[in-house]
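Engineer: What follows is a predicted structure for the sequence shown.
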Amino acid sequence: MKFKERLQYLRLEKDLSEIQLSQKVGISESVIRLYERGKLSIDLEHLQKLACFFDVTPGLLLGTAFPHLPPEEAVESHRVVNELLEIRNEERQREQDSLFYIDTLTQLAAKPTSKAPNWQSVLRAGVVAVFNNIVSSDSEANQEFIEDYWPVNNTVMQIYGNDLINYFYYRVNGDFMEPTIKSQSIVLVKRQVPVDNNDLAVVLLEQGPAVVKRLNRYEDKLILLSDNKAYPAQIYEQNNCIILGKVLWKPK
């Protein structure tokens with residue numbers, strides 16, 4: 001009887017006694033014992049509980065999957081098949097995303113004069129908005145300032161996370177950060193990343209568009225520094241500024 005052998009094998013593989021398995025799956029110890037001795041036919045509810053606990057299919061547990069293999073080989077074969085299926089599903093998803101990415105960029109390139117699609121609608125394609133101006137902390141309000149869509153470097157996402165909705169590019173206007181960042185350069189920015197003293201950040205001031213500055217905090221003040229020594233430090237009340245994100249890098 002395949003079921004009793006496979007149930008016992010899976011239990012012992014997890015180093016569980018019959019009473020311990022009973023407590024974990026909510027089936028009485030006496031019933032577990034009868035199952036393993038082949039003296040009781042399993043009902044559907046218990047089959048589903050046990051299959052879920054052992055992370056196998058009901059067919060594998062019953063013995064209808066890989067019926068000619070001993071328990072240890074059947075379980076191993078089941079896991080190999082599942083692993084291969086997961087890998088294939090990931091490959092298919094990447095293929096679909098690549099096609100979506102190509103299709104989205106093709107549409108954007110084909111309509112350079114038309115209104116760009118909503119910035120969130122292209123995130124699945126692996127690209128994020130490039131803003132040439134930001135006047136509000138609400139990204140939707142800055143829709144008109146999107147000039148393009150660029151991908152995010154894979155290495156950056158490995159370090160800072162693949163939550164694309166929190167990334168954006170920003171075109172630096174002015175020579176405040178020269179020679180570090182020249183005017184009209186584009187920087188990659190991420191929201192919800194800790195910004196420490198002396199980090200570069202995109203800051204939205206009470207008046208005027210967002211600026212890229214070197215940030216320092218002192219008590220309740222926010223000190224914004226320019227790398228260009230021709231510009232003095234600016235001091236603001238922290239409540240009067242919004243830190244939109246940390247500058248991660250400047251693409252070449």
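Structural biologist: Looks like it came in fine. Just so you know, these numbers come straight off a predicted model, no measurement behind them.

Engineer: Contacts only, for the residue nearest to Gln8 when sequence neighbours are not counted.
Structural biologist: With Cβ to Cβ, 6 or more residues apart in numbering as the criterion, Gln8 has its nearest non-adjacent residue at 4.8 Å, and that residue is Glu36. For every residue, glycine as well, the C-beta is placed using N, CA and C. Going by Cβ atoms under 8 Å, 6 or more residues apart in numbering, Glu36 touches Lys4, Leu7, Gln8, Arg11, Glu18.

Engineer: Leu205 now?
Structural biologist: With contact set as Cβ under 8 Å, 6+ apart, Leu205 has these partners: Val211, Tyr236, Asn240, Cys241.

Engineer: Widest-spaced pair of those residues?
Structural biologist: Val211 and Asn240 (13.5 Å; Cβ to Cβ).

Engineer: Counting neighbours, go ahead and name the busier of the two.
Structural biologist: Val211 (21 against 11; other Cβ atoms under 10 Å).

Engineer: Okay, now the unreliable bits of the protein?
Structural biologist: Residues of the chain meeting the criterion pLDDT under 70: 1, 91-125, 139, 250-252.

Engineer: All the helices of it, in order from the start?
Structural biologist: 2-13, 18-25, 29-36, 44-54, 58-62, 71-110, 154-160 (DSSP state H).

Engineer: Domains in the protein, by residue range?
Structural biologist: Domains of the chain are assigned by automatic domain parsing as 2-83, 120-249.

Engineer: can you give me the offset of the longest one from its chain's centre?
Structural biologist: Pointing back at domain 120-249 there. 21 Å (Cα atoms, centre = their mean, to the nearest Å).

Engineer: can you check stretch 18-30 too?
Structural biologist: Using Cα atoms, centre = their mean, the offset of stretch 18-30 from its chain centre is 37 Å.

Engineer: still on that earlier bit, now the domains of the chain in JSON lines, with distance to Asn89?
Structural biologist: Formatted as JSON lines, the domains of the chain follow (distance: least, Cβ to Cβ, whole Å):
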{"stretch": "domain 2-83", "distance to Asn89": "10"}
{"stretch": "domain 120-249", "distance to Asn89": "16"}
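
Engineer: Among those domains, which comes closest to Glu90?
Structural biologist: So among the domains of the chain, domain 2-83 is nearest, using Cβ to Cβ, at 10.8 Å.

Engineer: distance between the closest one and the chain's centre?
Structural biologist: Relative to the chain's own centre, domain 2-83 is displaced by 34 Å; criterion: Cα atoms, centre = their mean.
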